[in-house]
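[1] sequence plus predicted model, see below.
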Amino acid sequence: RSGETTTLLSHRYYLQDAAFTLAVTSEDTTLLHKSAEKLRRPRWAPYLGRRSCPPSGPLILTTVTATPVEHLLKLPLTRPAPGRNGPSQEATVPVEFASDLPLDGLSADGRSPADPILGEAQDEPLSFTPLDRRYRARPVHRITLRLPATQCAGYGTQYLTRLSSYLADHQLEVSSS
């Protein structure tokens, strides 16, 4: 067949059973509140990369907080605890943090972590035209911290129960969508 009718091969990578926690920050609190409202009542179903990949769990949104990074370091983790008998008090698990901005000062225990890694992702859209989709690179700052294994909350309802308790203990208003 000619070049216009041949099958195009593409290689794609999909995450399975992944869980993400994120903090959206901005100096414009009006923008944050508007964005949160749109996520609470979306016009279309939210999706992760492809429309056929909607999140299976609820989107849990909290109120705007002045210390989002502090909460990211202390939230329950969506993963099972290491070891058969549960984690010891000294056990830690690696958790990767990624940001568009430098992660200066991010530390789980007050000590300086390993040097952050600066990379890039080629995913900032320039054009959505079907035959001319283009993207530009944006910086991605990554760092892996070792957080206490006692933060591991398991999956499913175990995780959601621990997360609800954390949010209630820290008086963060919650809504699901």
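    Received it, and whenever you're ready, just let me know what you need.
[2] the longest helix along the chain: which residues count as buried?
    Identified as the longest helix of the chain according to DSSP state H is helix 156-169. Across helix 156-169, burial judged by 16 or more other CB atoms under 10 Å covers 159-160, 162-163, 166-167. All C-beta spots, glycine's among them, are computed from the backbone N, C-alpha and C.
[3] would JSON lines of these with pLDDT and distance to A23 be doable?
    Compiled in JSON lines, the buried residues of helix 156-169 are given as follows (pLDDT from 0 to 100; distance: CB to CB, whole Å):
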{"residue": "Y159", "pLDDT": "87", "distance to A23": "18"}
{"residue": "L160", "pLDDT": "85", "distance to A23": "19"}
{"residue": "R162", "pLDDT": "91", "distance to A23": "18"}
{"residue": "L163", "pLDDT": "87", "distance to A23": "14"}
{"residue": "Y166", "pLDDT": "88", "distance to A23": "14"}
{"residue": "L167", "pLDDT": "83", "distance to A23": "14"}
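[4] contact partners of the longest helix of the chain?
    For helix 156-169, the external contacting residues (CB atoms under 8 Å, 6 or more residues apart in numbering) are 19, 57, 60, 62, 74-76, 78, 153-154, 174.
[5] go on, stretch 9-18?
    Under CB under 8 Å, 6+ apart, the answer for stretch 9-18 is 48-49, 53.
[6] between these, which is closest to L32?
    Nearest to L32 among the contacts of stretch 9-18 is L48, at 21.0 Å by CB to CB.
[7] could you find the closest non-adjacent residue to the closest one?
    P55 (6.1 Å; CB to CB, 6 or more residues apart in numbering).
[8] from L167, how far out is the one you found?
    Spatial separation of P55 from L167 under the definition CB to CB, to the nearest Å is 18 Å.
[9] and T92, how far from I117?
    T92 is 19 Å from I117, by CB to CB.
[10] so the two - more neighbours on which side?
    Using other CB atoms under 10 Å, the more surrounded residue of T92 and I117 is T92, with 17 against 13.
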